[in-house]
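**Student:** Return a 3D structure for these sequence lines:
(2 chains)
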Amino acid sequence: METGSENPPNGRAAAGDGAKKVGKRVERVGHTAEQVWDRTRDSVSDFGEALDIKGRVDRNPYGTVAAAIGIGYVLGGGLFTPLTGRLVRLGLGIGMRLAVLPLLKREVAELIESIDEDDDGKSKSKANANKGR
Amino acid sequence: MEMTEKIEETAREIGARVRPQIDEAKRRLTGYNDSAIGYIKENPGKCLVGAVAIGFLIGKLASRRG
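**Tutor:** Residues are numbered from 1 along each chain as shown, chains lettered A, B, ... in the order given. Below you'll find the model as predicted:
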């Protein structure tokens, strides 16, 4: 007959079993937490690789930071606010100006060229008329 | 004619006086830009998390005002 730590007498047995059970459970919880942490870390790294964050930052650092600010802005609930309307209007204004200015420039240049050509044609015809006299 | 020459000369003088300062400012701005890009490339996580936080704060402020 064994008496020792495995089979303690009387009430000690129950207390020991409880402690063992709690210990096992704590161990299991720890193991599960470790697994969850590993999986989360793997998914985060997979997500990072899929988005190619490092490459994006290397290629276009300011753009990536601006995109991150935009994501934060939307998460902060700033999407449907007057500030968004103002920003969109400002962006559209700048974009329109940038798009329209080169067109205007080209049109003006063409107009000036055509006026010059007209002037040249007129002066040549005048010169010819004078020669004819 | 004399007036035009005077104006041209004054403009040239002003340009010559201001040009070194403009060059210096350009050089300094280029330096700041390079260091900012270097920092972002070295610490992408920190920068992106910070940027999201800044955007979040701006969004929160905007939504409170709106």
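**Student:** any idea which element the most centrally placed residue in chain B lies in?
**Tutor:** Nearest to the mean C-alpha position of chain B, counting by Cα atoms, centre = their mean, stands residue B:29 at 5.9 Å. According to DSSP states H and E, residue B:29 maps onto helix B:2-42.
**Student:** packing partners for that helix?
**Tutor:** Here helix B:2-42 is seen to pack against helix A:53-59, helix A:61-75 when contacts are counted using 3 or more Cβ pairs under 8 Å, 6 or more residues apart in numbering or on different chains; DSSP states H and E. Yep, even glycine has a C-beta here, placed from its N, CA and C like the rest.
**Student:** Can you name every helix or strand that the helix or strand where residue A:104 lies contacts?
**Tutor:** Taking DSSP H and E as the criterion, the element that holds residue A:104 is helix A:82-132. Helices and strands in packing contact with helix A:82-132 are listed as helix B:44-65; criterion 3+ Cβ pairs under 8 Å, 6+ apart.
**Student:** Roughly how far does the residue most central in space within chain A sit from residue A:33?
**Tutor:** To find the centre residue of chain A, average its C-alpha atoms and take the closest one (Cα atoms, centre = their mean): that gives residue A:67, at 3.6 Å. Using Cβ to Cβ, to the nearest Å, one obtains 33 Å as the distance from residue A:67 to residue A:33.
**Student:** give me the low-pLDDT residue ranges for the chain?
**Tutor:** No chain was given, so I picked chain A. Judged against pLDDT under 70, the low-scoring parts of chain A cover residues A:1-15, A:124, A:126, A:130-133.
**Student:** wait, chain B
**Tutor:** Confidence mapping of chain B against pLDDT under 70 gives the ranges B:1, B:66.
**Student:** how about 90 then?
**Tutor:** Along chain B, the model assigns pLDDT under 90 to residues B:1-5, B:64-66.
**Student:** relative orientation of the helix holding residue B:29 and helix B:44-65 in degrees?
**Tutor:** Relative orientation of helix B:2-42 versus helix B:44-65 (axes from the mean of the first three to the mean of the last three Cα atoms, to 10 degrees): 110 degrees.
**Student:** chain center to helix B:2-42: distance?
**Tutor:** On the basis of Cα atoms, centre = their mean, to the nearest Å, the separation between the geometric centre of helix B:2-42 and that of its chain is 12 Å.
**Student:** got the angle for that helix vs helix A:61-75?
**Tutor:** Relative orientation of helix B:2-42 versus helix A:61-75 (the same axes, to 10 degrees): 70 degrees.
**Student:** Compare the helices and strands packed on helix B:2-42 and give me the one nearest chain B.
**Tutor:** Each of these was checked against chain B via Cβ to the nearest Cβ, and the shortest separation belongs to helix A:61-75, namely 2.5 Å.
**Student:** Now do that closest one: everything it contacts.
**Tutor:** By Cβ atoms under 8 Å, 6 or more residues apart in numbering or on different chains, the surrounding residues in contact with helix A:61-75 are A:53, A:56-57, A:79, B:36-37, B:40-41, B:44, B:47-49, B:51-59, B:62.
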